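*Asks:* Structure here, sequence nowhere to be found:
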């Protein structure tokens, strides 16, 4: 049974999120934690996290920034991070 590159990327992204976000009793508490961390990192308060903002504050988001920023906009939103965490 072989894995395609897409499958391996998806498995890698899921593993990264498992390690990036602590286990929570429910999705709501996990999303609240993501929102709080995002707010601390979003230094200019524009609702967007750039790679530079993520670098010192959310290192796992920084490490996988390009996977989360699928459209190549040079920023990610809290919604995108939560969506990845839901996978």
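*Replies:* Nice, I can see it. From a predicted model like this one, the values you see are computed outputs, not experimental measurements.
*Asks:* any chance you could map the helices in this structure?
*Replies:* Shown for the chain, the helices assigned by DSSP state H span residues 5-20, 27-41, 51-57, 59-63, 65-68, 78-86.
*Asks:* Show me what the fifth one is in contact with.
*Replies:* Pointing back at helix 65-68 there. With contact meaning Cβ atoms under 8 Å, 6 or more residues apart in numbering, helix 65-68 is reached by 9, 13, 51, 54, 61, 72, 76, 80-81, 84. Bear in mind the C-beta positions are built from the backbone N, C-alpha and C, glycine included.
*Asks:* Try it again at 7 Å.
*Replies:* Counting contacts by Cβ atoms under 7 Å, 6 or more residues apart in numbering, the residues outside helix 65-68 that touch it are 13, 51, 54, 61, 76, 80-81, 84.
*Asks:* buried set for that helix?
*Replies:* Judged by neighbour count (16 or more other Cβ atoms under 10 Å), helix 65-68 contains these buried residues: 65, 68.
*Asks:* mean confidence score for it?
*Replies:* With pLDDT averaged residue by residue, helix 65-68 scores 96.
*Asks:* Same question for the third one.
*Replies:* On average, the pLDDT along helix 51-57 is 95.
*Asks:* what residues does it touch?
*Replies:* Contacting residues not belonging to helix 51-57 are listed as 40-43, 61-62, 65 [Cβ under 7 Å, 6+ apart].
*Asks:* Could you do the second one as well?
*Replies:* When contacts are taken as Cβ under 7 Å, 6+ apart, the neighbours of helix 27-41 outside the stretch itself are 21, 24, 49, 53-54, 57-58, 78, 81-82, 85.
*Asks:* Most neighbours among those, which one is it?
*Replies:* When neighbours are counted as other Cβ atoms under 10 Å, the busiest of those turns out to be residue 49, with 27 neighbours.
*Asks:* Reformat the contacts of helix 27-41 into CSV and put distance to residue 30 next to each item.
*Replies:* As requested, the contacts of helix 27-41 are exported to CSV (distance: Cβ to Cβ, whole Å):
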residue, distance to residue 30
21, 6
24, 4
49, 17
53, 21
54, 18
57, 18
58, 14
78, 12
81, 11
82, 8
85, 6
